[in-house]
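[1] Below: sequence and its predicted model.
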Amino acid sequence: QKCDCAHPVCNQCVRFGRERDCEYSEKDQRSRTEILEETISNLQARVRELESGSGPASGRRAAPPASGPAEQRSFSARFGGAELRPDVVRLVQCHVLLAHYFFTDGQFREGRQHTADAVSLVLLHQLHKIRSPRGRDASKTHLVGVGVAHTAMPPPADLIEEGERTHAFWHVYILDKIWASLLGCPSLLVEDGSPATEIDTPWPLALDQYADVSRDSSAL
């Protein structure tokens with residue numbers, strides 16, 4: 001049945017006892033659900049683009065087709081507010097956002113898959129070994145039951161880029177550990193006590209602090 005747009009809850013939702021789920025848009029305003037669905041579709045398309053290598057190696061990130069500046073600001077803030085990203089970091093960010101969405105929506109299999117994709121990326125590119133005094137050891141770091149060959153990323157251009165990589169790793173780490181505990185399943189990030197699985201990435205600072213340190217260093 002067509003929504004009659006009655007306020008504050010339409011009659012159709014009242015009839016079926018779905019008052020809490022009632023959500024519709026005015027003629028000139030999209031609902032939160034429509035905005036969220038469009039953002040998710042955009043993220044999934046961006047993941048496919050980055051995985052296929054069809055996106056630019058470095059350049060401005062395409063913003064989602066949100067309905068207004070507020071949504072665009074919110075989306076940019078969720079990514080840390082920077083304009084440039086290595087493709088690996090952007091891809092990790094997309095998987096983390098999609099995992100959060102699917103987990104909170106109760107779609108645990110999809111959330112787990114995007115978490116696994118994010119974990120694979122941080123291990124593949126050794127984002128758990130930023131500033132490691134031992135260098136890069138590719139011997140044992142792995143997903144559960146799956147060996148991962150390593151592909152070294154080029155050194156970060158500056159402290160800001162290093163900070164973005166650091167944030168990317170810890171977002172994935174926290175996502176994996178929290179949801180593994182909540183779902184009662186094994187963590188995808190294996191820590192078996194070997195040097196290869198030891199985390200040598202420092203705890204992140206706020207992103208604006210990396211910018212401050214970078215400016216102070218260049219002024220010396």
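    Okay, I see it. Residues are numbered from 1 along each chain as shown.

[2] By mean pLDDT, flag the weakest helix or strand of the chain.
    Here the helix or strand of the chain ranked lowest by mean pLDDT, DSSP states H and E is helix 69-78, holding a mean of 42.

[3] Check which helices and strands the following helix or strand past that helix sits against.
    Following the chain from helix 69-78 toward its C-terminal end, the next helix or strand by DSSP states H and E is helix 87-104. Counting contacts by 3 or more C-beta pairs under 8 Å, 6 or more residues apart in numbering; DSSP states H and E, helix 87-104 packs against helix 32-52, helix 108-124, helix 159-183. (Glycine included, C-beta is placed from N, CA and C.)

[4] Redo the ones you listed as CSV? Include mean neighbour count.
    Output for those, formatted as CSV (neighbours: other C-beta atoms under 10 Å):
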stretch, mean neighbour count
helix 32-52, 15
helix 108-124, 20
helix 159-183, 19
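
[5] Mind putting the ones you listed into CSV with mean pLDDT and distance to Cys94?
    As requested, those are exported to CSV (pLDDT from 0 to 100; distance: least, C-beta to C-beta, whole Å):
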stretch, mean pLDDT, distance to Cys94
helix 32-52, 75, 5
helix 108-124, 93, 8
helix 159-183, 94, 11
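
[6] Export the ones you listed as JSON lines, with columns for distance to Tyr210.
    Converted to JSON lines, the helices and strands packed on helix 87-104 look like this (distance: least, C-beta to C-beta, whole Å):
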{"stretch": "helix 32-52", "distance to Tyr210": "23"}
{"stretch": "helix 108-124", "distance to Tyr210": "19"}
{"stretch": "helix 159-183", "distance to Tyr210": "4"}
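
[7] So which of those is nearest Gln209?
    When the helices and strands packed on helix 87-104 are compared by C-beta to C-beta, helix 159-183 sits nearest Gln209, at 7.8 Å.

[8] That closest one vs helix 87-104, what angle?
    Angle, helix 159-183 to helix 87-104, by axes from the mean of the first three to the mean of the last three C-alpha atoms, to 10 degrees: 30 degrees.

[9] quick one: buried residues of stretch 179-197?
    For stretch 179-197, the neighbour count (16 or more other C-beta atoms under 10 Å) marks 179-180, 187-190, 196-197 as buried.

[10] Which two of those have the greatest separation?
    If you compare every pair in those using C-beta to C-beta, the most distant one turns out to be Trp179 and Ala196, at 23.8 Å.

[11] now Asp200, what's its secondary structure?
    Using DSSP: H, G, I helix; E, B strand; the rest coil, the three-state assignment for Asp200 comes out as coil.

[12] In this structure Trp203 contacts Tyr173, no?
    No: using C-beta atoms under 8 Å, Trp203 is not in contact with Tyr173; the gap is 10.5 Å.

[13] Skip the chain neighbours and tell me the closest residue to His114.
    The shortest distance from His114 to any residue other than its chain neighbours is 3.8 Å, reached at Ala99 (C-beta to C-beta, 6 or more residues apart in numbering).

[14] give me the number of residues near that neighbour?
    For Ala99, the number of neighbouring residues by other C-beta atoms under 10 Å comes to 26.

[15] For it, give me its contacts.
    For Ala99, the contacting residues are 111-112, 114-115, 118, 175, 179, by C-beta atoms under 8 Å, 6 or more residues apart in numbering.

[16] Can you give me the pLDDT of His150?
    On pLDDT, His150 comes in at 56.

[17] For the residue nearest to Arg46 when sequence neighbours are not counted, give me its contacts.
    By the measure of C-beta to C-beta, 6+ apart, the closest residue to Arg46 outside its immediate chain neighbours is Cys94, 5.5 Å from it. With contacts taken as C-beta under 8 Å, 6+ apart, Cys94 has the following neighbours: 43, 46-47, 50.
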